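>>> sequence? don't have it. structure:
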């Protein structure tokens, strides 16, 4: 067995903030990891292919060399690991084995940790090492650490009070407000990403549930036909109603909060595109879950969608990301864009601080990726639609929240995003600006159902599935040559009218800001034209379809 190991670049992770190590890992515990493979470099954000590739074309052009894959497989089998499969893009490899075998192969020094926000979880800190004989052939190892890197907003009940001033908007209200093209999504495939707790070792989190009866009831109440919703377990399956009801009360409350967020995504898409094929992917909320889910979507399993709705994220510069994982997830988003999937990602609900402390502004990932459509939030006041901001500009146990938005400190600004927005962070790069677009997130919220009862909800977590639904409706009305393409760069180009698509296909939002208090205490503001809190504004769907 090879004994020599070398450090894996990009694998460093500090200890999770607020977590303490309880004990070592059971050496017999079975663990599955996803291995990132060295493969041809993907083109830069400014050099994307002129037309969407098929998933097979992508694999043929950008998959790892078979000889390299074979060498990695052989080395890992030497440590007693079992190779499960090479993913369809040929850029990742799934491997399983005992904790002892993983320790021998990658030297992670895993343990069981505990934190207040996650309970018990398997974790590690420091760097990984790989066998020297395959140095340079592995770009990342994901799944050894199960800390959470997919979060959403506060539970729905904390926002319900905001809906008292006006009735929550129904699907028909939203269609009218944003001038949706006629249609029901027939012939379109829409994907939705959902995340939940991975297998625990005594932890206090469980996966969310999927409640199909709520979807059926909601659509019936809104005068929409029953949709086709397919559950796609990636490495996680949602709970059923019966399983949810059998949980201890504490776990039931946790699962119910997560379930409300999941059902919001599904009900919005189902009501706005009831004839679409809706695939809901469930994955663990760790780095491995992100990589595996995006890989499956971009490979077209079980079907290639025109759009993917993602209402999850974490601050792009959070120490909980490893550099290798952030790069792998961004590559997964790029793979989706290259096969023509527009990934709609919520910009976050914690304003300019994005849930991190300190005096610097932060934005959410993957909303900050140049390969997604980043979706910000608005709210309605008595006279107009403005940027979503509720005191103190971030989520608290008593409510509050604000749209995420700003300038990336990680991803350079692509040349197609030819806008002038300066970062609030002194000395920062000229980074990608987000959001690109906006839609309702705050009051008066969205009319929804949870557990059979009315449950208004919102946040940019709702704005993303609304945009995914709109893209599917637009795509259905486009000629074949204009379908299945990554739409974000097109918003910054001239459309059929000769005007910029972002001007002709949108209603500008010119009022509001997203400062979170007390930190950083400053934020970005709306203004005429493109800005870093509402992007181009909210859609005029039919006009946008015409421009495209």
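Nice, thanks for sending it over. Quick caveat: nothing in here was measured; it's all calculated off a predicted structure. Numbers count the residues shown, from 1 in each chain.
>>> Need the nearest residue in space to residue 174, chain neighbours excluded.
Leaving aside its sequence neighbours, residue 174 sits nearest to residue 466 (C-beta to C-beta, 6 or more residues apart in numbering; 6.4 Å). Heads up, the C-betas are built off the backbone N, CA and C, glycines and all.
>>> for the strand or helix carrying the one you found, packing partners?
Using DSSP states H and E, the element containing residue 466 is helix 460-476. Taking 3 or more C-beta pairs under 8 Å, 6 or more residues apart in numbering; DSSP states H and E as contact, the helices and strands that helix 460-476 lies on are strand 189-196, helix 249-272, strand 307-310, strand 342-346, strand 373-380, strand 437-440, helix 541-547.
>>> and residue 170, which of the ones you listed is closest to it?
Closest to residue 170 of the helices and strands packed on helix 460-476 is helix 249-272 (C-beta to C-beta; 8.3 Å).
>>> before we move on, back to that, out of the helices and strands packed on helix 460-476, which is closest to residue 213?
helix 249-272 (10.5 Å).
>>> Between helix 249-272 and the following helix or strand past that closest one, find me the angle.
On the C-terminal side of helix 249-272, the nearest following helix or strand under DSSP H and E is strand 277-284. Interaxial angle, strand 277-284 versus helix 249-272 (axes from the mean of the first three to the mean of the last three C-alpha atoms, to 10 degrees): 150 degrees.
>>> And strand 277-284, how far out from the chain middle?
Taking C-alpha atoms, centre = their mean, to the nearest Å, the mean C-alpha location of strand 277-284 is offset from the chain mean by 12 Å.
>>> wait, doesn't the residue nearest to residue 174 sit right on residue 171?
No. Look at residue 466 against residue 171 with C-beta atoms under 8 Å: they stay out of range, at 9.4 Å.
>>> Can you pick out the residue with more neighbours from those two?
More crowded of residue 466 and residue 171, by other C-beta atoms under 10 Å: residue 466, with 28 against 24.
>>> So which residue is smack in the middle of this protein?
Taking C-alpha atoms, centre = their mean, the centroid of the chain lies closest to residue 310, which sits 3.7 Å from it.
>>> Looking at that residue now. What's its pLDDT?
With respect to pLDDT, residue 310 scores 98.
>>> Distance of it relative to residue 99?
31 Å (C-beta to C-beta, to the nearest Å).
>>> do residue 436 as well
Counting by C-beta to C-beta, the gap from residue 436 to residue 99 is 43 Å.
>>> Settle it for me: which of these two has more neighbours?
Counted by other C-beta under 10 Å, residue 436 and residue 99 do not tie: residue 436 has more neighbours, with 28 against 19.
>>> Which of the three states applies to residue 386?
Under the three-state scheme (DSSP: H, G, I helix; E, B strand; the rest coil), residue 386 adopts strand.
>>> check contacts around it.
Listed by C-beta atoms under 8 Å, 6 or more residues apart in numbering, the contact set of residue 386 reads 378, 379, 380, 509, 511, 512, 526.
>>> Measure how buried the closest residue to the second one other than its chain neighbours is and give me the count.
Looking back up the chat, that one is residue 379. Spatial nearest neighbour of residue 379, excluding adjacent residues (C-beta to C-beta, 6+ apart): residue 442 at 3.1 Å. Other residues near residue 442 come to 28 when the count uses other C-beta under 10 Å.
>>> Residue 442 sits in which helix or strand?
Using DSSP H and E, residue 442 sits within no helix or strand.
>>> quick one: it and residue 401 touch, right?
Yes. With contact defined as C-beta under 8 Å, residue 442 reaches residue 401; the gap is 7.0 Å.
>>> joint contacts of these two?
Between them, residue 442 and residue 401 share these contacting residues under C-beta under 8 Å, 6+ apart: 388, 390, 459.
>>> now, which of the residues you listed sits nearest residue 81?
Checking the shared contacts of residue 442 and residue 401 against residue 81 by C-beta to C-beta gives residue 459 as the nearest, at 40.8 Å.
>>> For the closest one, give me its contacts.
Contacts for residue 459 (C-beta under 8 Å, 6+ apart) come out as 152, 153, 159, 311, 346, 349, 377, 401, 441, 442.
>>> can you check residue 393 too?
Taking C-beta under 8 Å, 6+ apart, we find residue 393 in contact with 350, 351, 352, 353, 400, 401, 402, 514, 515, 516, 517, 523.
>>> try residue 412
Going by C-beta under 8 Å, 6+ apart, residue 412 touches 45, 429, 430, 431, 432.
>>> next one: residue 208
Listed by C-beta under 8 Å, 6+ apart, the contact partners of residue 208 are 194, 196, 238, 239, 255, 258, 259, 261, 262.
>>> Tell me how far the residue nearest to it when sequence neighbours are not counted lies from residue 346.
Leaving aside its sequence neighbours, residue 208 sits nearest to residue 258 (C-beta to C-beta, 6+ apart; 3.7 Å). For residue 258, the distance to residue 346 equals 15 Å [C-beta to C-beta].
>>> what about the two, which has more around it?
A side-by-side neighbour count of residue 258 and residue 346, using other C-beta under 10 Å, places residue 346 first with 32 against 23.
>>> Which residues does that one form beta bridges with?
Residue 346 forms beta bridges with residue 375, as assigned by DSSP bridges.
>>> Please tell me how far it sits from residue 404.
8 Å.
>>> Equivalent analysis for residue 320, please.
17 Å.
>>> what does residue 487 give?
To residue 404, residue 487 is 20 Å away according to C-beta to C-beta.
>>> Looking at those two, which one has more neighbours?
Taking other C-beta under 10 Å, residue 487 and residue 404 do not tie; residue 404 has more neighbours (36 against 23).
>>> Touching, the more buried one and residue 353? I think so.
No. The pair residue 404 / residue 353 is not scored as a contact, 9.3 Å apart, by C-beta under 8 Å.
>>> Around the residue nearest to residue 76 when sequence neighbours are not counted, count how many other residues there are.
Once flanking residues are discounted, residue 76 sits nearest to residue 95: 5.7 Å by C-beta to C-beta, 6+ apart. As a burial measure, residue 95 scores 24 neighbours (other C-beta under 10 Å).
>>> Report the secondary structure state of residue 95.
strand.
>>> Any regions of this structure where pLDDT drops low?
Where the chain drops to pLDDT under 70, the residues are 1-3, 153-165, 199-204.
>>> Now do the helices in it.
Assigned by DSSP state H, the chain shows helices spanning 55-62, 66-77, 99-106, 157-160, 171-177, 212-221, 241-246, 249-272, 287-298, 323-338, 460-476, 501-504, 541-547.
>>> Of all the ones you listed, which one is nearest residue 366?
Across those, residue 366 has its closest neighbour in helix 323-338 (5.9 Å, C-beta to C-beta).
>>> picking that back up, name the stretch from the helices of the chain that approaches residue 130 most closely.
Ranking these by proximity to residue 130 (C-beta to C-beta) places helix 99-106 first, at 6.5 Å.
>>> Need the contact partners of the closest one.
Applying C-beta under 8 Å, 6+ apart, the contact partners of helix 99-106 are 1, 8, 25-31, 33, 76, 79-81, 97, 108-110, 128-131, 141, 144.
>>> Now do residue 380 against residue 440, distance only.
Computed as C-beta to C-beta, the residue 380 to residue 440 distance reads 7 Å.
>>> With neighbour numbers in mind, choose between the two.
Per other C-beta under 10 Å, whichever of residue 380 and residue 440 has more neighbours is residue 440, with 27 against 18.
>>> Good, wrapping up.
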